[in-house]
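S.K.: no sequence on hand, only this structure:
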């Protein structure tokens with residue numbers, strides 16, 4: 001039959017993402033090797049004839065479930081096998097744990113059939129099920145500094161403790177530290193340098209002090225430092241090169257100077273540098289708007305990604 005693959009068993013991805021956690025509560029084991037369809041698709045009809053399962057519905061692809069976060073082999077571009085499957089949504093941020101594993105954050109319900117809300121530790125050998133630092137909202141950014149994992153996002157509670165939008169978690173135990181900057185809205189980007197955590201996002205105050213979408217926060221006290229470049233709109237990404245902090249986002253100005261969507265500032269003082277890549281997009285179409293979503297520094301090159309059509313002229 002055209003368009004039907006001969007397989008032993010199959011399950012819809014949407015069903016797998018929700019059923020996996022429910023099944024765990026019934027003390028049943030979930031077969032994580034079962035196949036599925038693409039996210040957002042649906043299976044409406046299933047029938048078996050011998051060892052062939054015929055599946056019909058609103059989908060275009062059928063294959064092994066990977067979950068919403070997966071490492072990919074660089075030479076071949078293939079998903080690494082036997083990786084813990086992350087179910088229920090998306091992964092927004094990943095940082096290596098220094099031991100062959102990863103911390104992941106996003107909007108997901110669990111991994112390997114076990115409940116882990118939006119934040120989890122995946123060791124080199126599999127899921128760390130004892131590490132529990134669930135959040136009540138989406139995680140957008142992570143930064144690891146020694147034994148401390150900084151977590152930013154759209155949450156208010158981490159592991160049962162009130163930590164609006166930004167928290168520090170013990171990377172070994174998964175317990176929440178007392179550090180609590182009290183940010184008033186989403187934290188989208190984080191980096192750590194010296195005694196400060198640099199945060200970008202949608203916020204306008206930190207610890208009750210005005211901070212326009214970007215701030216430096218003392219790693220000991222949780223209080224904002226005097227460093228205050230003040231972007232005029234959301235900051236989505238940060239990158240560091242020597243003594244220069246690069247930021248990208250939706251803004252059109254930083255520190256009172258025109259800087260479209262990407263800018264550079266001095267790490268020590270927060271002074272806006274003359275460097276100006278001037279990203280733009282023509283024609284302007286509303287799809288969230290022109291912006292820079294991701295920055296990466298390698299050697300002396302800054303890689304810039306986002307929704308723009310020209311940069312640096």
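M.R.: Yep, that arrived. Model, not experiment: these values are computed from the prediction.
S.K.: only C-alpha atoms from now on, for both contacts and neighbour counts.
M.R.: Noted.
S.K.: where's the spatially most central residue of the chain, which helix or strand?
M.R.: Centroid-nearest residue in the chain, with C-alpha atoms, centre = their mean: residue 92, separated by 1.9 Å. Per DSSP states H and E, residue 92 falls inside strand 90-96.
S.K.: and if you look at residue 168?
M.R.: Going by DSSP H and E, residue 168 is in strand 166-170.
S.K.: helix or strand with the lowest mean pLDDT in the chain?
M.R.: Using mean pLDDT, DSSP states H and E, the weakest-scoring helix or strand in the chain turns out to be helix 13-25, at a mean of 38.
S.K.: which SSE is immediately downstream of that one?
M.R.: Note on helix 13-25: by DSSP H and E, the next helix or strand toward the C-terminus is strand 35-37.
S.K.: against which helices or strands is that following strand packed?
M.R.: helix 13-25, strand 62-64 (3 or more C-alpha pairs under 8 Å, 6 or more residues apart in numbering; DSSP states H and E).
S.K.: tally of neighbours for the residue nearest to residue 58 when sequence neighbours are not counted?
M.R.: Spatial nearest neighbour of residue 58, chain neighbours left out: residue 42 (5.2 Å); criterion: C-alpha to C-alpha, 6 or more residues apart in numbering. The number of residues packed around residue 42, counting by other C-alpha atoms under 10 Å, is 18.
S.K.: from memory residue 42 sits against residue 61, does it?
M.R.: No. With contacts counted by C-alpha atoms under 8 Å, residue 42 stays clear of residue 61, the gap being 10.9 Å.
S.K.: distance from the chain centre to the strand holding residue 168, please.
M.R.: Distance, stretch centre to chain centre, for strand 166-170: 15 Å (C-alpha atoms, centre = their mean, to the nearest Å).
S.K.: pLDDT of it, averaged?
M.R.: For strand 166-170, mean pLDDT is 98.
S.K.: I'd say residue 111 and residue 128 touch.
M.R.: No. Contact criterion C-alpha under 8 Å: residue 111 and residue 128 do not qualify, at 9.7 Å.
S.K.: for those two, indicate the residue with more neighbours.
M.R.: residue 111 (30 against 15).
S.K.: roughly how far apart are the more buried one and residue 120?
M.R.: Residue 111 sits 8 Å away from residue 120, going by C-alpha to C-alpha, to the nearest Å.
S.K.: can you tell me the SS state at residue 220?
M.R.: coil (DSSP: H, G, I helix; E, B strand; the rest coil).
S.K.: neighbours of it, how many?
M.R.: 11.
S.K.: which regions of the stretch 201-313 of the chain sit below the pLDDT cut-off?
M.R.: Scanning the stretch 201-313 of the chain for pLDDT under 70 picks out 284.
S.K.: what do you get if the cut-off is 50, keeping everything else the same?
M.R.: Low-confidence segments of the stretch 201-313 of the chain (pLDDT under 50): none present.
S.K.: could I get the full set of strands for it?
M.R.: Shown for the stretch 201-313 of the chain, the strands assigned by DSSP state E, counting those that start in this stretch span residues 205-206, 209-210, 214-218, 235-241, 244-249, 253-254, 257-258, 262-266, 291-298, 301-307.
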